[in-house]
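# how would this look folded up:
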Amino acid sequence: MFTSVLMIEKALSAVDVEFVTTLHGDQQVSFVVLMQPRGDQDRLLRAVDDVALGELDKAVREAAEGKDDSEAPAELALQHSLAELRKAGSEAVGRLVEDHPLDVLTSVTEETNADEVIVLTAPHYVEEFFHRDWASRARHKVGVPVLKLYAHSE
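Now for the predicted structure:
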């Protein structure tokens, strides 16, 4: 069985589930999902990304909303994603990642003898430009191929 560590920041859409579960054709895939919600620490980067995407209303709305407790929504998003992966016929386990996501990613990749890492996020242009996004940094740490995919919205 092929093992993929899947790093996400929001619930998987139906399109995302279909995409990641069919990447390897008919080969059975087991997923270890790491849910790393985007926290308050990168609010400025998210605002710049929203402006770059032409989503000014989203940037303004997010600034007005202020800090929120993202643990409950993150746990729900993780459970939804795991259920959808299982419904698609894959094995799936997962957990929330609160601190040091790349260290957790590295240790989970080693512990599970993962064959690959898939980083599935929204575009983060500032981080990607400076190679500070998760996929770029993971490529130097995990020792297996790292695939960067953009999440779809429903």
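
# what average pLDDT does the longest helix seen in the chain get?
Counting by DSSP state H, the longest helix found in the chain is helix 71-87. The average pLDDT for helix 71-87 rounds to 92.

# pull the residues that contact that helix.
If you take CB atoms under 8 Å, 6 or more residues apart in numbering as the criterion, helix 71-87 is touched by 8, 10-12, 14, 17, 20-21, 31, 33, 35, 37, 92-96. Bear in mind the C-beta positions are built from the backbone N, C-alpha and C, glycine included.

# just the residues you listed: which are in helices?
Checked against DSSP H, the contacts of helix 71-87 include these in helices: Ala14, Val17, Val20, Thr21.

# out of those residues, who has the most neighbours?
Val20 (24 neighbours; other CB atoms under 10 Å).

# can you give me every residue that contacts it?
With CB under 8 Å, 6+ apart, Val20 has these contacts: Ser4, Leu6, Leu12, Val29, Phe31, Leu85, Ile118, Leu120, Leu149.
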